[in-house]
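Asks: Test case, fold it:
(one chain, ligands or ions: 1)
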Amino acid sequence: MVERTVILPRWVYLGAGEVRTGAAVVVEGDRIVQILPAEQAEGIDGRRIELADKVLLPGLINMHTHAGAGPVGRAISEDYELPTGMPFYVPLSRLWRHAYREELREQFRAVIEWDVLGMMRTGTTTILNHASTDIEGYLHIAERVGVRTFAGPTIPLDVTHRLGQLSGGLEDRKQTTSEQAQLAELEELERLFGKWDGAADGRITMILGPAAVHTDEFSVLAGVGAAAQRLDCLVTTHLCQAPSELATTQERFGTTPLRVLQRAELANERLIAAHGTYLPDEDRQLAADTGITIVHCASRKAKEAVISPSVSFMDSGISVALGTDGFNCDMVEELKFTAMLGKIGVAQSHRPTAAQVVDLATSHAASVLRRPDLGVIKEGARADLIGVAITDPSIAPALDVVQSLVYYGNGRDVQFEMVDGAVVMEDGTFVGVDINGVRARAEAALTSIWESAIDAGVVNEVLPSINRSQALA
Ligand SMILES: [Zn+2]
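Replies: Take a look at the predicted model:
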């Protein structure tokens with residue numbers, strides 16, 4: 001018999017700013033089957049979940065992150081003085097390479113799990129993981145903890161190749177991962193499609209993920225373009241993330257990153273491109289016409305003293321979705337950053353609205369993922385849902401629950417979560433997860449990573465201001 005759950009929230013967010021009160025949402029198996037007045041749901045059999053003083057929303061969709069990267073490098077380089085336009089994590093690339101070594105693989109899985117749980121805890125039900133390491137380890141974790149994911153490793157996988165070294169240039173990159181090695185990574189990834197695409201009752205979808213135009217060989221980009229057609233899959237990448245990327249691309253290809261992607265037959269609706277911060281104005285029309293999606297990672301860029309375009313992209317007809325990138329894991333915080341920095345970006349207080357940013361992270365993201373059954377609360381949709389408490393003195397009472405959530409809430413207000421019809425969190429506590437055990441294992445792994453990185457001179461080499469007493473409590 002199919003399991004039935006009757007959810008009774010105070011408010012239900014239906015999208016496009018529409019909020020309904022006094023409704024019951026009935027879930028059968030993995031689907032929402034009915035939304036009806038709560039009094040009419042009294043006679044319906046099934047488990048009842050009371051979400052008084054909570055708003056029920058579609059689960060949030062994080063469209064760009066690198067699971068596991070955040071816990072390694074959080075709160076190290078955020079206040080570091082960097083050359084203009086350099087992403088603030090670049091000094092950390094050697095630390096990540098150290099953390100991602102083969103001999104630490106098993107230990108590091110606790111760090112990946114910790115990061116995934118951090119995302120789920122704060123309202124994310126779907127993670128697009130542009131995996132920086134150990135894709136299969138991540139997929140096993142996603143399968144076990146119950147999150148929905150679109151995932152594929154970066155090509156090339158080597159993190160120092162991808163992020164560049166402080167002193168290294170193009171030649172160094174070529175030596176780190178050769179063209180042949182990059183093509184072999186693509187071939188191996190196609191094998192993983194057969195094994196993982198559609199796994200975990202359809203919660204896992206495989207994607208392709210060239211790192212960026214300036215780091216990848218053209219044959220690899222073109223290979224990904226052809227493979228995406230063949231596999232009918234989505235592709236993610238980084239696009240116009242830093243000024244140096246545009247300079248390197250100009251030097252290698254004599255044009256802009258988006259035009260190189262177009263040559264490789266990657267500039268189309270399948271493409272989910274992180275950042276776009278330095279997309280040249282003359283490429284805006286092309287971005288709109290080709291149907292690519294730019295993933296706006298507001299908090300990541302704010303740490304570099306940059307407001308990445310979002311509202312102006314939408315004004316140009318460009319599809320925009322939201323992501324955290326690899327440090328922040330809290331998508332509710334990301335909604336707030338998107339709204340606030342969006343207003344500053346266009347110097348207008350009335351846009352984007354709270355409802356618009358929530359829709360970017362739910363229904364719009366779902367349509368980009370070619371999954372209209374996600375990101376929306378309606379009959380027939382998948383039951384990926386979150387319940388957010390509007391009870392704290394810092395947030396209640398709520399005259400407009402969506403504005404309250406975006407401007408005054410944060411991810412820790414998320415108290416209830418359901419993915420694919422299964423309850424994964426209740427009263428802010430994970431169901432069936434030994435969170436203390438994961439924390440202990442992740443802390444042990446991170447301590448040994450940081451200690452050995454300091455001993456090996458990896459951290460001091462790139463961040464002279466960090467020493468043992470600062471890095472380790
Ligand atoms: Zn990224």
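Asks: The protein against the ion: which residues are in contact?
Replies: Contact residues (C-beta under 5 Å from the ion) of the chain with the ion: 274, 325. The way it works is simple: take the backbone N, C-alpha and C, and place the C-beta from them, glycine included.
Asks: remind me which residues of the chain are low pLDDT?
Replies: Residues of the chain meeting the criterion pLDDT under 70: 160-176, 460-473.
Asks: Could you chop it up by domain?
Replies: Structurally, the chain divides into domains by automatic domain parsing as follows: 4-58+381-430, 60-368.
Asks: can I get those domains in TSV with mean neighbour count?
Replies: Listed next are the domains of the chain as TSV, based on neighbours: other C-beta atoms under 10 Å:
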stretch	mean neighbour count
domain 4-58+381-430	19
domain 60-368	21
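Asks: Tell me which of the ones you listed sits nearest to Glu443.
Replies: domain 60-368 (8.5 Å; C-beta to C-beta).
Asks: before we move on, back to that, export the domains of the chain as a markdown table, with columns for distance to Val459.
Replies: Below are these laid out as a markdown table (distance: least, C-beta to C-beta, whole Å):
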| stretch | distance to Val459 |
| --- | --- |
| domain 4-58+381-430 | 29 |
| domain 60-368 | 6 |
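Asks: and Glu451, which of these is closest to it?
Replies: domain 60-368 (10.8 Å).
Asks: what packs against the helix or strand where Glu188 lies?
Replies: Per DSSP states H and E, Glu188 falls inside helix 179-196. The contact analysis (3 or more C-beta pairs under 8 Å, 6 or more residues apart in numbering; DSSP states H and E) places helix 179-196 against helix 135-145, strand 148-155, strand 204-206, helix 218-231.
Asks: Redo these as TSV? Include distance to Glu451.
Replies: As requested, the helices and strands packed on helix 179-196 are exported to TSV (distance: least, C-beta to C-beta, whole Å):
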stretch	distance to Glu451
helix 135-145	22
strand 148-155	27
strand 204-206	34
helix 218-231	36
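Asks: looking at the ones you listed, which is closest to Ser308?
Replies: For these, proximity to Ser308 was assessed by C-beta to C-beta; strand 148-155 is nearest, at 20.1 Å.
Asks: So which elements touch the closest one?
Replies: Using 3+ C-beta pairs under 8 Å, 6+ apart: strand 148-155 touches strand 124-131, helix 135-145, helix 179-196, strand 204-206, strand 209-210.
Asks: Report the distance from the helix holding Glu188 to the chain centre.
Replies: Distance of helix 179-196 from the chain centroid (C-alpha atoms, centre = their mean, to the nearest Å) equals 22 Å.
Asks: can you give me the angle it makes with helix 218-231?
Replies: Orientation of helix 179-196 against helix 218-231 (axes from the mean of the first three to the mean of the last three C-alpha atoms, to 10 degrees) gives an angle of 20 degrees.
Asks: in the sheet, who's paired with the closest residue to Asp216 other than its chain neighbours?
Replies: Leaving aside its sequence neighbours, Asp216 sits nearest to Pro210 (C-beta to C-beta, 6 or more residues apart in numbering; 4.8 Å). For Pro210, the beta-bridge partners are Ile155 (DSSP bridges).
Asks: and the longest helix seen in the chain, C-alpha only, in PDB?
Replies: With secondary structure taken from DSSP state H, the chain has its longest helix at helix 435-455. Provided in PDB are the C-alpha atoms of helix 435-455 (Å, rounded to 0.1, in the frame of the first residue of the first chain):
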ATOM      1  CA  ILE A 435      24.600  13.700  13.200                       C
ATOM      2  CA  ASN A 436      27.000  13.600  16.200                       C
ATOM      3  CA  GLY A 437      28.900  10.700  14.700                       C
ATOM      4  CA  VAL A 438      29.200  12.500  11.300                       C
ATOM      5  CA  ARG A 439      30.400  15.600  13.100                       C
ATOM      6  CA  ALA A 440      33.100  13.600  15.100                       C
ATOM      7  CA  ARG A 441      34.300  11.900  11.900                       C
ATOM      8  CA  ALA A 442      34.400  15.100   9.900                       C
ATOM      9  CA  GLU A 443      36.200  17.000  12.600                       C
ATOM     10  CA  ALA A 444      38.800  14.200  12.900                       C
ATOM     11  CA  ALA A 445      39.300  14.200   9.200                       C
ATOM     12  CA  LEU A 446      39.600  18.000   9.000                       C
ATOM     13  CA  THR A 447      42.000  18.200  11.900                       C
ATOM     14  CA  SER A 448      44.300  15.700  10.300                       C
ATOM     15  CA  ILE A 449      44.000  17.500   7.000                       C
ATOM     16  CA  TRP A 450      44.900  20.900   8.500                       C
ATOM     17  CA  GLU A 451      47.700  19.500  10.700                       C
ATOM     18  CA  SER A 452      49.300  17.600   7.900                       C
ATOM     19  CA  ALA A 453      48.900  20.600   5.500                       C
ATOM     20  CA  ILE A 454      50.600  22.900   8.000                       C
ATOM     21  CA  ASP A 455      53.400  20.300   8.600                       C
END
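Asks: Quick check: buried residues in it?
Replies: Neighbour counts over helix 435-455 (16 or more other C-beta atoms under 10 Å) mark 438, 441-442, 445-446, 449-450, 453-454 as buried.
Asks: In CSV: the residues you listed, plus distance to Asp158.
Replies: Formatted as CSV, the buried residues of helix 435-455 follow (distance: C-beta to C-beta, whole Å):
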residue, distance to Asp158
Val438, 27
Arg441, 26
Ala442, 23
Ala445, 20
Leu446, 21
Ile449, 17
Trp450, 21
Ala453, 17
Ile454, 22
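Asks: any idea which of these is closest to Ala389?
Replies: Using C-beta to C-beta, those come closest to Ala389 at Val438, 23.5 Å.
Asks: So that closest one sits against Gly118, correct?
Replies: No. Using C-beta atoms under 8 Å, Val438 is not in contact with Gly118; the gap is 10.3 Å.
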